[in-house]
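Engineer: Predicted coordinates and the sequence they were generated for:
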Amino acid sequence: MVDLVVTENQIIERILTMELVRVTERAAVSCAKWRGRGDEKAADKAAVDAMRRELNRLSIEGTVVIGEGERDEAPMLFIGEKLGNGRGPRVDIAVDPLEGTTLCAKDMPGSIAVMAMAQAGTLLNAPDVYMEKIAIGPGYPKGVVDLDASIEDNIHALAKAKGVKPGEITALVLDRPRHAHFIEGLRKVGAAIRLITDGDVAGVIYTTQADKSGVDIYMGTGGAPEGVLAAAALRCVGGQMQGRLILDTAEKVERARTMGVMEPKKKYDMTELASGDVVVAATGVTDGPLLSGVRFIGDRIETETIVYRSVTGTVRRIHGEHREMSKFHLD
């Protein structure tokens, strides 16, 4: 008789494929019924409740290291929350049950349900604060862009590496008053700008498929949870990203210190934000450039999900047709 030895990595691999797809599918479907209804908190709560419910069914000892909801008092999967049935491997969890709550509430393109899971201790454990970010897709020399370089220098360096003029570079930026200097700098150097109202996880991922999305670089300040999730996805398919937590009050510095962040001004690269074996799953809520949204068609529900895994560099697109609607708790 041959003993079969199953390693923790193999167990994680099983969990971090179809099981994660089910988690984000349930979250996306549950909040999709709130599309266009103008209630951001209700949509977010539906996604959070569904994601928590599905994660607690998994055979894991999970800890939320990147959560959501602290800034706007929305329902949250909070940092430090324990998830799973406790009968499996220890894993870190990063979540954004509904990225783009406003997009969902207004039925605008680009909202997704997204999460990442990795071996315990390999995702950055940080408070829910803002983060400075810069990201590009694969195929460029290491260090071609830098968070500390000027906007103009980064665009010139990226254009040179791509073999084009700065005017042929498109930068994606969140449309926020705090980004006025980014827009001014990008205009000055001649780069094109694509502004988005929400959804910077998807925004960073757009850089990995510049030929389809038309986005060469992501620049600006957004949520730290979204930064870790985006870095996890980039690690799976290639690219470069740097981030720095914005700890601009003593309370934030202390909160970060209790989580193990001892260098408040540290510049993190992609592998420091998300290391080890990590898997990312995202399901479309509303239609967008990355994913189609949830479809309610008669007695079935259709979903589209993308799954990334860092160890193998695998990207899977999964079109789901679900006919047992009661499992989605839509009542």
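Structural biologist: Thanks, I have the structure now.
Engineer: Which positions within stretch 268-276 qualify as buried?
Structural biologist: Buried residues in stretch 268-276, defined by neighbour count with 16 or more other C-beta atoms under 10 Å: Tyr268, Met270, Leu273, Ala274, Ser275, Gly276. Yep, even glycine has a C-beta here, placed from its N, CA and C like the rest.
Engineer: got the contact list for it?
Structural biologist: The list of residues contacting stretch 268-276 from outside it, by C-beta atoms under 8 Å, 6 or more residues apart in numbering, reads 94, 116, 118-119, 121-124, 227-228, 231-232, 234-235, 239-244, 310.
Engineer: quick one: which of the residues you listed sit in strands?
Structural biologist: Ala94, Ala116, Ala118, Gln119, Gln240, Met241, Gln242, Gly243, Arg244 (DSSP state E).
Engineer: The residues you listed, buried ones only, as a PyMOL selection?
Structural biologist: In PyMOL, this line selects whichever of those come out buried by 16+ other C-beta under 10 Å:
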select buried, resi 94+116+118+119+240+241+242+243+244
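Engineer: I'd like the ones in strands among the contacts of stretch 268-276 as CSV, with pLDDT and distance to Ile183 appended.
Structural biologist: Converted to CSV, the ones in strands among the contacts of stretch 268-276 look like this (pLDDT from 0 to 100; distance: C-beta to C-beta, whole Å):
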residue, pLDDT, distance to Ile183
Ala94, 93, 29
Ala116, 94, 30
Ala118, 92, 35
Gln119, 90, 39
Gln240, 95, 22
Met241, 97, 21
Gln242, 97, 20
Gly243, 97, 20
Arg244, 97, 20
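Engineer: Need the max-distance pair from the ones in strands among the contacts of stretch 268-276.
Structural biologist: Gln119 and Arg244 (24.4 Å; C-beta to C-beta).
Engineer: Starting from Glu302, give me the distance back to Ile66.
Structural biologist: Between Ile66 and Glu302 the distance is 29 Å, computed by C-beta to C-beta, to the nearest Å.
Engineer: in the chain, which helix or strand is least confident?
Structural biologist: Here the helix or strand of the chain ranked lowest by mean pLDDT, DSSP states H and E is helix 8-14, holding a mean of 55.
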